[in-house]
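In: Requesting a structural model of the entry that follows:
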Amino acid sequence: MHVVSAPPRLRLLGQFRLELDTGSVELGRNGQRLLAYLGLRGRVSRTVLAGTLWPEVTEGHARGSLRTTLWKLPPGEPPLIGCRGDALQVTPALRVDVHAFTRTALCVVQGDGPRVGPALGLLTGEDLLPGWDEDWVLLERERLRQLRLHALDALAEALMRQGRPALAMEAAWASVRAEPLRESAHRAVVSAHLAEGNVVEAVRHYDAFCRLLDEELGVEPSPRFARMLPERPRDRARKAASCTRASATTGSPSTTPSKGESTSCTWTSRGM
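Out: Take a look at the predicted model:
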């Protein structure tokens, strides 16, 4: 009976991990860096690869280090890394988790509607190779982080449209954890609270975000965020105080109700 072996798998989200049909394989640092770079980039010339992974040495020394690292990789059929002319590339059979993550995230952002369970699981996972500080890792980590944040925002919005605020809250909180100062993520949390009728929790979350922004950046949330919540007496007082401060240089404000608002500032210039 012919047994089909499982394809090799390369995990780059979180700690590096290479899995063959025989189990997890331990690699030296250079072997990990080589597989990670090729796993992310696909096909790369030997010159670029050697110069990127060993930038502090001469080209000849870097190419020698590349040859040694290739020789130390675990054998397999097909081999993990193949050669095409002067270029190297990982075998097409290698399953790289970053590619699955990217496909799912782009699908969510484009509104193609992947299954929620797998999408939420992939998008709430770990960052790329935490602790690695090479420039090529830092750039790719930030790209994937931004893609994750946009996908989580889009997923939260999609789940709200589907009437699933609890799952939308999970996506929103994942975005908040990834970037605590991201307003769109906090708006999604508040939107989910309001959809469930939890006005008090929505207001509490908004107030906490206001304090965070003030402490970290000295700014306030956008008017769009503020309009999501019912106006409170202290909000009206703050608006009136803002009008009073501005009158010293801008003109004399008259506070009058406008359509759709309880209080607004109407400005008249001096001399008019």
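
In: Now do the buried residues in the strand or helix carrying Y206.
Out: For Y206, the host element (DSSP states H and E) is helix 199-216. For helix 199-216, burial by neighbour count (16 or more other C-beta atoms under 10 Å) applies to A202, V203, H205, Y206, F209, C210, L213. To be clear about C-beta, it is placed using only N, CA and C from the backbone, and glycine gets the same treatment.

In: try stretch 74-91
Out: Quick answer for stretch 74-91 (16+ other C-beta under 10 Å): G76, L80, I81, L88, Q89, V90.

In: What are the neighbouring residues in contact with the last one?
Out: Think V90. By C-beta atoms under 8 Å, 6 or more residues apart in numbering, the residues touching V90 are L10, L35, L38, G39, G42, L80, I81, G82, V96.

In: circling back: for the helix holding Y206, the distance to its chain's centre please.
Out: Centre-to-centre, helix 199-216 and its host chain are 22 Å apart (C-alpha atoms, centre = their mean, to the nearest Å).

In: after that helix, next one along is what?
Out: Using DSSP H and E, the first helix or strand after helix 199-216 is helix 223-226.

In: per-residue confidence averaged over that next one?
Out: Per-residue pLDDT values over helix 223-226 give a mean of 96.

In: Residues in contact with it: which ones?
Out: The contact list for helix 223-226 (C-beta under 8 Å, 6+ apart) reads E183, H186, R187, V190, Y206, F209, E220, D235.

In: now do stretch 12-30
Out: Stretch 12-30 is contacted from outside by 5-6, 8-11, 32, 35-36, 39-40, 53, 65, 68-69, 72-74, 76, 96-98, 101, 125-130, using C-beta under 8 Å, 6+ apart.
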